[in-house]
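Asks: Make a model of this:
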Amino acid sequence: MFTDRNGTHLLATVFSHSYHKSAVRLWDVTTGRPLRRWGRPVRFRLPRSEHTITAFTGPDGKGLVAACTSDGVRLWDGVTGARVHVPVTRPKPVLVPSPRLLTAFRTDEGTVLLAAVSDLNSIRIWNPWTGDLVAEPDSGHTDKMHKLVTLPGSPAQLASGGQDATLRIWEPLTGTVVGTLDTGAPIHDLAIGSTGTMFLAGPGGLTAVDVESWTDR
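Replies: Alright, predicted model coming up:
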């Protein structure tokens, strides 16, 4: 979810419209209606059927949507659906090869960076406006990560969970771990609630965790 220049809260969702193609559609969170341009719902196509997307507000206040694809990360204008050029899929080197997890965060200086996970747990932090690789932190997971999200607030912290049954909170630029929780079962998905509660999905169902109770945040 992100906020456009008019202050409207928008939600980006992925849906499949054929066996091999998917698209992103934008929704007005307040009204529950799809965002429209020229009388038609705003949507833009993705090149493959399986994707991870993240929606965020750029440094200029523009809403943006980034998606993992087979050839790197692609970026779109969140209001018009127009493609935004991101210099991260250069032939040599490819900064984010075959990314499968993606999230955006803002540094203390106000710079918006993207964190992408590829392979098993290879993490790369980069600046989408310049294409510069900023950091390659180690999250500390011992098995495949299934989800990566950004925690609200400052300083920037990321939360990740996966097959090793641990929920980890860590600083994206250094990899410094702020908190670790052993859940006893693989974490398939996770999300942040409006009050700071973390919701974990696993084999046993959905679990709610108070982040502040076991981290230094």
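
Asks: Point to the residue nearest the middle of this structure.
Replies: Closest residue to the average C-alpha location of the chain: residue 103 at 2.4 Å, with Cα atoms, centre = their mean.

Asks: for this protein, what spans make up the helices?
Replies: Using DSSP state H, the chain contains no helices.

Asks: Outline the domain layout of it.
Replies: 1-136, 141-217 (automatic domain parsing).

Asks: Rounded mean pLDDT for the shortest one, please.
Replies: So that's domain 141-217. Mean pLDDT, domain 141-217: 86.

Asks: same question, stretch 113-131
Replies: 85.

Asks: Number of residues surrounding residue 179?
Replies: Residues near residue 179, counting by other Cβ atoms under 10 Å, number 17. For glycine as for every other residue, the C-beta is placed from the backbone atoms N, C-alpha and C.

Asks: how close does it get to residue 210?
Replies: Distance, residue 179 to residue 210, by Cβ to Cβ, to the nearest Å: 11 Å.

Asks: One more: residue 110?
Replies: 29 Å.

Asks: So between these two, which is more surrounded?
Replies: residue 210 (12 against 7).

Asks: check contacts around that one.
Replies: 196, 197, 198 (Cβ atoms under 8 Å, 6 or more residues apart in numbering).

Asks: mind running it again at 7 Å?
Replies: By Cβ atoms under 7 Å, 6 or more residues apart in numbering, the contact list for residue 210 reads residue 197.

Asks: go on, residue 112?
Replies: 56, 58, 59, 104, 106.

Asks: and the second one, how many neighbours?
Replies: Looking back up the chat, that one is residue 58. 18.
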